[in-house]
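Q: Provide a 3D model corresponding to the input given below.
(one chain, ligands or ions: 2)
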Amino acid sequence: IDRFPRYTGESPDVVLHRVFGFPAFRGLQEEAVQALMNCEDVLLLMPTGGGKSLCYQVPALCRKGVGLVVSPLIALMEDQVAGLRQLGVRASALHSEMDYQEQQTVQEDLTCDQLDLLYISPERLLTPFSLSLLRRCSLSLIAIDEAHCVSAWGHDFRPEYRELANLKEFFPQVPRIALTATADQRTRDDILSALNMPQARILMASFHRPNLFLQAQPKLSEIRQVVDALSRHMGQGAAIIYCGSRKKTETMARQLREKGYTAFPFHAGMSPADKKSVLLRFRSGEPMVVAATIAFGMGIDRPDVRAVIHLDMPTSPEGYYQQIGRAGRDGDLSHTVLLYSGEGVARARYWLEEAQVPESEKRAMQGRLESMISLTETTGCRTQAVLACFGETLHAPCGHCDNCLHPPSTFDASEAAQKVLSTIYRTGERFGAVQLIAVLKGKMTEAVERHALHHLSVFGIGKDKTDVWWRMVIRQLIARGAIGMVGDHGGLGLRRETARPILRGDMMVSLREDASLKHLAAMGDGN
Ligand code: ADP
Ligand code: ZN
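A: Ligands and ions are numbered 1, 2, ... in the order given. You can find the predicted model right below:
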């Protein structure tokens, strides 16, 4: 086991080379490493795939004592520990899914100075037992991974992270580094104050990932759009499909297997053994697709993820960027496709409205949701738009996102918008898009007949356009807040404040012509 003597007194460069096999540090890594070597606290903001782990792994090996890594997810710890052991580093983890014997072994290793890095969950770290054990060891540093979890403002708040504020008192001499891929100012401030590290050196990398090609498509035929994207972009690598529900991960994986893909579901409700086996295969490097909830993510370190597809719009730009950031860690071209629908947008707003959370938190979440909706419908460079969400300015359009490649044209949709809004109003603000379109087009469906909608003046006023076209108009009216969901059965209603001036003709409505509409209509239900 002891391939390495414990503390060698080597410099970071030497350790980087000898242990990790890399010729040089990248970007801000060197500065972060130096700060820790000098016993300074650090807040490191770097996009996913930027190389955060090395920033604490290297100094942990260069300094005396064991490096403590606080990590929120067991899968993530296991991943890192396995990787490090392969490199000959003496790493272990302590978490609730280990049996008594395993935990015992780790504790013994700790007391005998046999560990270089210890990954630990926050709740485990803060038990009196762990604290007293660790206070008897010498610590080289403390790394707090996914540090945004400390912020209630953030998109992934974990109450147990709050207690980490006490680390400074327990281990006053030990330098700490907080790491995250979430970069907004508010989260940054929260991390510094919640972790009690006001003097920390703040290192912030650019979040621009030029090898990611961003694209958003209205959802027409989910499975066809997914297969289309996979066949173009996946190659011999992997793909991740983010699904809105556990059930969806299973149906999506099944549908893809029927189409000949190696595909697996992944979600938090699966047994640890099943999760582990998916992770193992994913890590093995074979071409495969994982249909997952957002539980699949943190610590997924496969370099050749060629495509990340969202079946539904994420609820914040931070979440979105973190998830697509799992593509292309090897720096090669990778594609991301966001599928979205008007109903999805309306539902997300509705759920948030109904959510039982404190008012201030709700407003923060609503702000993020609205940013995400604008990002989805933007007609400008998508890469610029997403970076702007993190306060970063990209001075020229990226040149390769969907909007840069096919600049969407806009058209005056005032009359079409009035037709849609009147139809919603006349039919009683209770039907979903499918029935509204049936009315607009003058189609006799069962629901039309049952509710006698064919007697209304709006019946058939939209005959001249396709279903897909009307769907596009409805979606964009939802996005700009003229239409919302009423109740939880998918019925659409008017949002008076925005809808009224449009109906009165006081406000011109300019909508984007979906660039991909023709292509999509050909493969979907574009009658
Ligand atoms: P993050 O935690 O920021 O998402 P990781 O620490 O997982 O990123 O690193 C992402 C990838 O980059 C890993 O495959 C890692 O081995 C590689 N990497 C990190 N630093 C370097 C470096 N200095 N030189 C070459 N590859 C690196
Ligand atoms: Zn662009």
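Q: report the contact partners of K362.
A: The contact partners of K362, by C-beta atoms under 8 Å, 6 or more residues apart in numbering, come to 352, 355. From N, CA and C alone the C-beta is placed, and that goes for glycine too.
Q: distance of it from H148?
A: 19 Å (C-beta to C-beta, to the nearest Å).
Q: Q86 now?
A: In this view, Q86 and H148 are 29 Å apart by C-beta to C-beta.
Q: same question for V458.
A: In terms of C-beta to C-beta, V458 sits 48 Å off from H148.
Q: for these two, indicate the residue with more neighbours.
A: Higher neighbour count among V458 and H148: H148, with 26 against 19, using other C-beta atoms under 10 Å.
Q: and the helices in the stretch 401-527 of the chain, which stretches?
A: Listed in chain order, the helices of the stretch 401-527 of the chain (DSSP state H, counting those that start in this stretch) span residues 402-405, 414-426, 433-441, 446-450, 467-479, 496-504, 517-523.
Q: can you put the ones you listed in a markdown table and add mean pLDDT and distance to ligand 2?
A: Formatted as a markdown table, those follow (pLDDT from 0 to 100; distance: least, C-beta to the ion, whole Å):
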| stretch | mean pLDDT | distance to ligand 2 |
| --- | --- | --- |
| helix 402-405 | 94 | 3 |
| helix 414-426 | 97 | 27 |
| helix 433-441 | 96 | 29 |
| helix 446-450 | 94 | 41 |
| helix 467-479 | 93 | 19 |
| helix 496-504 | 94 | 28 |
| helix 517-523 | 56 | 19 |
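Q: buried deepest among those helices, which one?
A: With neighbours defined by mean count of other C-beta atoms under 10 Å, none of these is more surrounded on average than helix 467-479, at a mean of 23.
Q: what's it in contact with?
A: Defining contact as C-beta under 8 Å, 6+ apart, one finds that helix 467-479 is touched by 218, 220, 340-343, 345-346, 373-374, 376-377, 413, 416-417, 420-421, 433, 436-437, 440-441, 462, 483-484, 492, 509, 511-512, 514, 517, 520-521, 524-527.
Q: thinking again about what came up before, as a markdown table, the helices of the stretch 401-527 of the chain with distance to ligand 1 would be great.
A: Formatted as a markdown table, these follow (distance: least, C-beta to the nearest ligand atom, whole Å):
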| stretch | distance to ligand 1 |
| --- | --- |
| helix 402-405 | 25 |
| helix 414-426 | 43 |
| helix 433-441 | 38 |
| helix 446-450 | 49 |
| helix 467-479 | 31 |
| helix 496-504 | 40 |
| helix 517-523 | 33 |
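Q: for the lengthiest helix in the chain, which positions count as buried?
A: In the chain, ranked by residue count with DSSP state H as the criterion, the top helix is helix 359-377. The neighbour-count criterion (16 or more other C-beta atoms under 10 Å) identifies 364-366, 368-369, 371-373, 375-377 as the buried residues of helix 359-377.
Q: give the rounded mean pLDDT of the helix or strand following it.
A: Using DSSP states H and E, the helix or strand that follows helix 359-377 towards the C-terminus is helix 382-389. Taken as a whole, helix 382-389 carries a mean pLDDT of 92.
Q: and the angle from helix 382-389 to helix 359-377?
A: Calculated by axes from the mean of the first three to the mean of the last three C-alpha atoms, to 10 degrees, helix 382-389 forms an angle of 160 degrees with helix 359-377.
Q: which neighbouring elements make contact with helix 382-389?
A: Helices and strands touching helix 382-389, as assessed by 3 or more C-beta pairs under 8 Å, 6 or more residues apart in numbering; DSSP states H and E, comprise strand 212-218, helix 317-324, helix 359-377, helix 402-405.
Q: what do you get if the cut-off is 6 Å, keeping everything else the same?
A: With contacts defined as 3 or more C-beta pairs under 6 Å, 6 or more residues apart in numbering; DSSP states H and E, helix 382-389 has no packing partner among the helices and strands.
Q: which residues of the stretch 251-400 of the chain lie near ligand 2?
A: 381, 383, 397-398 (C-beta under 5 Å from the ion).
Q: how about the residue of the stretch 51-200 of the chain found nearest ligand 2, what does it touch?
A: Nearest residue of the stretch 51-200 of the chain to ligand 2: A183, at 19.6 Å (C-beta to the ion). The neighbourhood of A183, defined by C-beta atoms under 6 Å, 6 or more residues apart in numbering, consists of 45, 390.
Q: so it, which of the three states?
A: The three-state assignment at A183 reads coil, by DSSP: H, G, I helix; E, B strand; the rest coil.
Q: which pLDDT value goes with it?
A: The per-residue pLDDT of A183 was computed as 70.
Q: try the one 10 residues further on
A: Per-residue confidence (pLDDT) for S193: 93.
Q: for A205, see how far away it is.
A: Taking C-beta to C-beta as the measure, S193 and A205 are separated by 22 Å.
Q: cool, R368 as well?
A: Applying C-beta to C-beta to R368 and A205 gives a distance of 22 Å.
Q: just give me the neighbour total for the closest residue to ligand 2 within the stretch 201-350 of the chain.
A: The stretch 201-350 of the chain approaches ligand 2 most closely through L214 (7.2 Å), counting by C-beta to the ion. L214 has 24 neighbours, counted by other C-beta under 10 Å.
Q: now do the one 5 residues further on
A: Using other C-beta under 10 Å, K219 has 20 other residues around it.
Q: which pLDDT does the model give it?
A: Residue-level confidence at K219 comes out at 92, pLDDT.
Q: am I right that it is in contact with L339?
A: Yes: at 4.4 Å, K219 counts as touching L339 under the criterion of C-beta atoms under 6 Å.
Q: who does I241 form a beta bridge with?
A: Following DSSP bridges, I241 is listed with bridge partners A291, I309.
Q: quick check on G51: phi, psi?
A: Backbone torsions for G51, taken as degrees, to the nearest 10, come to phi 100, psi 40.
Q: excluding its backbone neighbours, what's nearest it?
A: R26 (5.3 Å; C-beta to C-beta, 6 or more residues apart in numbering).
Q: what values do phi and psi take at the one you found?
A: Backbone torsions for R26, taken as degrees, to the nearest 10, come to phi -110, psi 140.
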